[in-house]
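got a predicted structure here, sequence first:
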Amino acid sequence: MTFSYARFYTGTVKAVVFDWAGTMIDFGSLAPVQAFTTLFANNGVEISVAEAREPMGLEKREHIARLLAMPRISQAWAEHHGGFASDADIDRLYREFIPVQTAVIAERSVLIPGARETAEYLKGRGIKIGANTGYAAEMIADMVRRAAEQGYRPDSVVTATEVPRGRPYPHMLWRNLLELEIEAVQSVVKVDDTVAGVDEGLNAGAWTVALAVSGNEVGLDADAWAALGEEEKARSRAAAYRKFRASGAHYVIDTVADLPDVIEDIDARLAAGERP
């Protein structure tokens, strides 16, 4: 005889796991773009901002590999270097990338408006805070320190180089949850500005919140965004919302400043027996 049993978590949100660039720091997620375009220019191949952004959210060596697999970049590399990129080329580029990215991150570690207040809101509700990133561990020491100086101190920080696979695999998020001692993944919210980050949360079984304006999709710093006309803002925002809704994100909001209302809505849905 077989029995069917469904277990429903009906508690509240217990943890939120944030991405870094474009989510909590670096409005527009410009640090990775600057580093990738500089890296490739230094190696004789110009890449566009749009190309640099396409694999965003992945572990950075994998990001480089994805860029080199793009037909236009692959051909440009072959023409300049006399052959298509090899694994040895990818390894060398990654080694060159680390100091370039580390320097740029240090310049772009300002908290996104509302990030500190949202973190304080979560702490006030007893919600634990995790952070993970496609950056390597050796890239982020200054970033974490500068964020702490501005009032943002996650309880758990995980990087893609500390787990078997980065996004879209859920390994980083699961490690966050182990460190935070979270029992039920249904009580967890993943917040990210990339489709790869949304996929990470969905693959882990968590609620997912995508950020449309502050991160990779719009790709403008806070001043440039503020300077746009209302019609252009509306077009850019709508395109980002469409992409994230198609990705399967449970919620799409402009920036992390809008997260508290989402947490309260998820609490209500959990109490009613809903699951991610």
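Structure's in. What do you need?

burial count for Asn42?
In terms of burial, Asn42 registers 12 neighbours under the definition other C-beta atoms under 10 Å. Yep, even glycine has a C-beta here, placed from its N, CA and C like the rest.

please shift the residue numbers so they start at 49 in all later answers.
Noted, 49 is the first residue going forward, which turns the last one into Asn90.

residue ranges with poor pLDDT in this structure?
Judged by pLDDT under 70, the chain has its weakly predicted residues at 49-54.

per-domain residue ranges of it.
Residue ranges for each domain of the chain read 63-77+159-319, 79-155, as given by automatic domain parsing.

adding distance to Tyr57, write those out as TSV.
Rendered in TSV, the data for the domains of the chain read as follows (distance: least, C-beta to C-beta, whole Å):
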stretch	distance to Tyr57
domain 63-77+159-319	4
domain 79-155	27
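
wait, isn't Gly253 in contact with Val233?
Yes. With contact defined as C-beta atoms under 8 Å, Gly253 reaches Val233; the gap is 4.4 Å.

pick out whichever of the two has more residues nearby.
Summary of the neighbour comparison: Gly253 and Val233, criterion other C-beta under 10 Å, with Val233 having more neighbours (21 against 16).

quick check: that one vs Asn224, distance?
The spacing between Val233 and Asn224, counted by C-beta to C-beta, to the nearest Å, is 11 Å.

you'd agree Ser157 is up against Asp190?
Yes. Counting by C-beta under 8 Å, a contact exists between Ser157 and Asp190, whose distance comes to 7.0 Å.

which one's more surrounded, these two?
Between Ser157 and Asp190, Ser157 has the larger neighbour count (other C-beta under 10 Å), namely 22 against 14.

would the more buried one count as being in a strand?
No. Secondary structure assignment (DSSP: H, G, I helix; E, B strand; the rest coil) places Ser157 in coil, not in a strand.

any chance you could map the helices in the stretch 99-248 of the chain?
108-117, 119-129, 135-155, 163-172, 189-197, 219-228, 243-252 (DSSP state H, counting those that start in this stretch).

tell me which of these approaches Asp302 most closely.
Smallest distance to Asp302 across the helices of the stretch 99-248 of the chain (C-beta to C-beta): 12.5 Å, for helix 163-172.

could you say what helices and strands that closest one packs with?
Counting contacts by 3 or more C-beta pairs under 8 Å, 6 or more residues apart in numbering; DSSP states H and E, the secondary-structure elements packed against helix 163-172 are strand 176-181, helix 307-319.

and that helix, what's buried?
Under the neighbour-count criterion of 16 or more other C-beta atoms under 10 Å, helix 163-172 has Ala163, Arg164, Thr166, Ala167, Leu170 buried.

just want the angle from that helix to helix 307-319.
Using axes from the mean of the first three to the mean of the last three C-alpha atoms, to 10 degrees, the interaxial angle of helix 163-172 with respect to helix 307-319 works out to 30 degrees.

pull the distance from helix 163-172 to the chain's centre.
Centroid displacement of helix 163-172 relative to its chain, using C-alpha atoms, centre = their mean, to the nearest Å, is 18 Å.

okay, now Gly245: neighbour count?
The local packing count at Gly245 equals 35, with neighbours defined by other C-beta under 10 Å.

right, and it touches Tyr217 too?
No. With contacts defined as C-beta under 8 Å, Gly245 does not count as touching Tyr217, sitting 11.6 Å away.

pick the most deeply packed of the domains of the chain.
domain 63-77+159-319 (a mean of 20; mean count of other C-beta atoms under 10 Å).

so what's Ala89 closest to, chain neighbours aside?
Counting by C-beta to C-beta, 6 or more residues apart in numbering, Ile95 is the residue found nearest to Ala89 once chain neighbours are left out, at 7.9 Å.

ignore what I typed, I meant Ala124.
Using C-beta to C-beta, 6+ apart and skipping residues adjacent in sequence, the residue nearest Ala124 is Val93, 4.9 Å away.

so the one you found belongs to a helix, correct?
No. Following the definition three-state DSSP, Val93 is coil and is not counted among the residues of a helix.

so who does it touch?
Under the criterion of C-beta atoms under 8 Å, 6 or more residues apart in numbering, the neighbours of Val93 are Ile121, Ala124, Trp125, His128.

cool, and Pro308?
Taking C-beta under 8 Å, 6+ apart as the definition of contact, the neighbours of Pro308 are Thr166, Tyr169.
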